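Participant: okay, sequence plus prediction incoming.
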Amino acid sequence: MAGAADDVGIRLWRPGDEAVLPQLANNRRIWRNLTDRFPHPYGHEDAVRWIHSANQRPDETRHFAVLTGDRVVGGVGFERLKDLCTRTAEIGYWVGESHWGQGIATRALRLATECAFRDFDFGCS
């Protein structure tokens, strides 16, 4: 039987995504497990700022909307670290609470990690 994780994809954030972000992200249970940059409460203006900034530094970061089918259900991304750690990254993710326990975050993390190793020089050499 196919599960929700079989239909998971990622894509860059784009205008229009700010409509769904507050519905998913304005959740204390999500917020308390993320960095301080993730606001709570999470409102429409937070979403507008995020969509505007998410793709501004493609050589250092990649931030993706997590999708099931064509619906945004969360976010995943990575940021290159600095100085001696430049060949490593910090990765983070979140999924709307109604989508927890379905393997969606696991699949999204795999897709983002594949992107990191494909498009950046993070691998061993």
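Facilitator: Good, I have the coordinates. Numbers count the residues shown, from 1 in each chain.
Participant: and the strands in the protein, which stretches?
Facilitator: Ranges of strands in the chain, per DSSP state E, are 8-12, 61-68, 71-80, 89-95.
Participant: OK, contacts around the residue positioned nearest the centre of the chain?
Facilitator: Centroid-nearest residue in the chain, with Cα atoms, centre = their mean: residue 76, separated by 1.7 Å. By Cβ atoms under 8 Å, 6 or more residues apart in numbering, the residues touching residue 76 are 10, 63-64, 66, 91-94, 105, 108-109, 111-112. Bear in mind the C-beta positions are built from the backbone N, C-alpha and C, glycine included.
Participant: could you rerun that using 10 Å?
Facilitator: By Cβ atoms under 10 Å, 6 or more residues apart in numbering, the residues touching residue 76 are 8, 10, 62-66, 91-95, 104-105, 107-113, 115.
Participant: out of the strands of the chain, nearest to residue 119?
Facilitator: Comparison of the strands of the chain against residue 119 by Cβ to Cβ identifies strand 61-68 as nearest, at 7.4 Å.
Participant: paired strands for that closest one, with orientation please.
Facilitator: Sheet pairing for strand 61-68, assigned by DSSP bridges, gives strand 8-12 (antiparallel), strand 71-80 (antiparallel).
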